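In: below are the sequence and a predicted model for it; my questions follow.
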Amino acid sequence: MKWHVIPSTGVAVQLNKRVQAALQPEYQSTTTQIDEIANLWKAETCPKAFLPWLAWSQGIKEWDENWAESTQRAIVSASYEQHKHLGTRYAVVKALEPFAMDAKITEWFELEPKLPTGTFKVDVYVANRGIDLPLIKEVRTLVDRAKRKSVHYSLTVNLQCAIAIPASLISCSSNVITVFPLSH
């Protein structure tokens, strides 16, 4: 047995088509607005003015309006992954990535002589900018946010330089072969 909400008579079908045609513009604008709302929740498509609000909704504690827009978007898009691994060495390394800093983490049991139990050492490598007090404070804040709260660490900030040295190599070789007649 089939149930019909709208009778399938000719008049009802015509009425249904007219109602759909009349509501089509309203439906299209609503669909567009829904797509615009969905774009607000994506770091890549969210308007710059709404990025701080998106960051707040994603649980990001530190926000600076002076950061480059690409850095802000990278932090927001990585927030889920960051929160998933919070308190691990992976989280500390990933927290520094949007700021173009590399990190090497060494835990207390990996060094000789061993560090105090439950501590770790962070070596941060910075390129394309100098090391100054605001940078060190920023690194400390990023590491403090990403590490377990129960552990202590020592921090070393290193200036890293990548230089390209053009190198060329020429190789010359020769062989001298002498063929003697076969003698018995």
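Out: Here it is on my side, so go on.
In: quick one, helices of the protein?
Out: 10-40, 51-57, 69-77, 79-84, 89-96, 133-146 (DSSP state H).
In: any idea how far the second one is from the middle of the chain?
Out: So that's helix 51-57. Per Cα atoms, centre = their mean, to the nearest Å, the displacement of helix 51-57 from the mean C-alpha position of its chain is 16 Å.
In: same question for the third one.
Out: For helix 69-77, the distance between its averaged C-alpha position and the chain's averaged C-alpha position is 7 Å (Cα atoms, centre = their mean).
In: make TSV from the helices of the chain and add mean pLDDT and mean neighbour count to it.
Out: Bear in mind the C-beta positions are built from the backbone N, C-alpha and C, glycine included. What follows is the helices of the chain, written out as TSV (pLDDT from 0 to 100; neighbours: other Cβ atoms under 10 Å):
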stretch	mean pLDDT	mean neighbour count
helix 10-40	74	10
helix 51-57	91	16
helix 69-77	91	17
helix 79-84	88	14
helix 89-96	92	20
helix 133-146	92	15
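In: nearest to Thr117, of these?
Out: Across the helices of the chain, Thr117 has its closest neighbour in helix 89-96 (16.4 Å, Cβ to Cβ).
In: TSV for the helices of the chain, including distance to Leu155?
Out: Formatted as TSV, the helices of the chain follow (distance: least, Cβ to Cβ, whole Å):
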stretch	distance to Leu155
helix 10-40	37
helix 51-57	25
helix 69-77	20
helix 79-84	19
helix 89-96	11
helix 133-146	6
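In: show me the contacts for Arg89.
Out: Counting by Cβ atoms under 8 Å, 6 or more residues apart in numbering, Arg89 touches Ile105, Glu107, Phe120.
In: so how far is the first residue of stretch 42-59 from its last?
Out: Start-to-end span of stretch 42-59 (Cα to Cα, to the nearest Å) is 14 Å.
In: contact partners of that stretch?
Out: 39-41, 63, 65, 69, 72-77, 79-80, 83.
In: and these, which is closest to Glu97?
Out: Ala74 (7.8 Å).
In: quick check: closest non-adjacent residue to that closest one.
Out: Distances taken as Cβ to Cβ, 6 or more residues apart in numbering place Pro98 nearest to Ala74, at 4.1 Å, with adjacent residues excluded.
In: look up how far Asp132 lies from the one you found.
Out: 19 Å (Cβ to Cβ, to the nearest Å).
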